[in-house]
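A.B. asks: Kindly return the folded structure for what I paste below:
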Amino acid sequence: MSTEPASTAPPPAEADLSSPAPTRRTFIATTTVVGGAVVAGGVIGGSVLVDSENAAAAQAPPASRVSLTVNGTRRTVTVDNRTSLLDLLREHLDLTGSKKGCNAGACGACTVLVDGRRVNSCLTLAVRLEGAEVTTIEGLAKGDELHPLQQAFIEQDAFQCGYCTPGQILSGVGCIQEGHTGSPEEIREWMSGNICRCGCYVKIVRAVEQTAAGRK
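C.D. replies: Numbers count the residues shown, from 1 in each chain. Predicted coordinates:
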């Protein structure tokens, strides 16, 4: 008879037979339910996406149709109601002579004539110009014959980088048509809204004086 002490190790745990292993039928049923939930989630998600797209379309900014004459040609376009005349000219009509400088009406680079009057096209809504006549730098020359002020700018060397030149010329044309060319001081006053970062003001004034004198 053995005299070794009895083992104090705990007996092995008995297998839990209360939860039987899943059968093939249970496995198929479970995966079917899970798969259906995933598909349903996809359908619901897709529905939400479509609804979001429809909502975005419904919230699209209003647009209007506008007809105006640009450089002697009648143009009709449909644009966002927030579109400026400058963006209409540059982005829709490919008339890129008018420059976007500050886009806040402070530099004059975008100056064009509307019904013969000078305007900052960056601050002018296109939809408000139904029936208007717009003249840009592209519309001043008659074929190969430059406008007198364009020619004067060349003769007086009244530009350097040239970025502000289209706006300067259109403003000068308006200044002459308005009769504000009695003296260099008057020209400077009435063209003070047009900035030349190259500092060609003296020659710009001379070009306007030369053109105004030729009209007398």
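A.B. asks: Show me how this structure divides into domains.
C.D. replies: For the chain, automatic domain parsing gives the domain ranges 62-139, 141-216.
A.B. asks: State the helix or strand in which the most centrally placed residue in the chain lies.
C.D. replies: When C-alpha atoms, centre = their mean is applied to the chain, the residue found nearest the centroid is D87 (6.9 Å). Using DSSP states H and E, D87 sits within helix 85-87.
A.B. asks: which outside residues touch that helix?
C.D. replies: Helix 85-87 is contacted from outside by 98, 100, 103, 110, 112, 114, 119, 121-122, 124-126, 129, 134, using C-beta atoms under 8 Å, 6 or more residues apart in numbering. From N, CA and C alone the C-beta is placed, and that goes for glycine too.
A.B. asks: Can you flag the buried ones in those?
C.D. replies: 98, 110, 112, 114, 119, 121-122, 124, 126, 129, 134 (16 or more other C-beta atoms under 10 Å).
A.B. asks: now these as JSON lines including distance to G182 and secondary structure?
C.D. replies: Output for these, formatted as JSON lines (distance: C-beta to C-beta, whole Å; DSSP: H, G, I helix; E, B strand; the rest coil):
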{"residue": "S98", "distance to G182": "28", "secondary structure": "coil"}
{"residue": "C110", "distance to G182": "27", "secondary structure": "coil"}
{"residue": "V112", "distance to G182": "25", "secondary structure": "strand"}
{"residue": "V114", "distance to G182": "25", "secondary structure": "strand"}
{"residue": "V119", "distance to G182": "23", "secondary structure": "strand"}
{"residue": "S121", "distance to G182": "27", "secondary structure": "helix"}
{"residue": "C122", "distance to G182": "29", "secondary structure": "helix"}
{"residue": "T124", "distance to G182": "28", "secondary structure": "coil"}
{"residue": "A126", "distance to G182": "35", "secondary structure": "helix"}
{"residue": "L129", "distance to G182": "31", "secondary structure": "coil"}
{"residue": "V134", "distance to G182": "28", "secondary structure": "strand"}
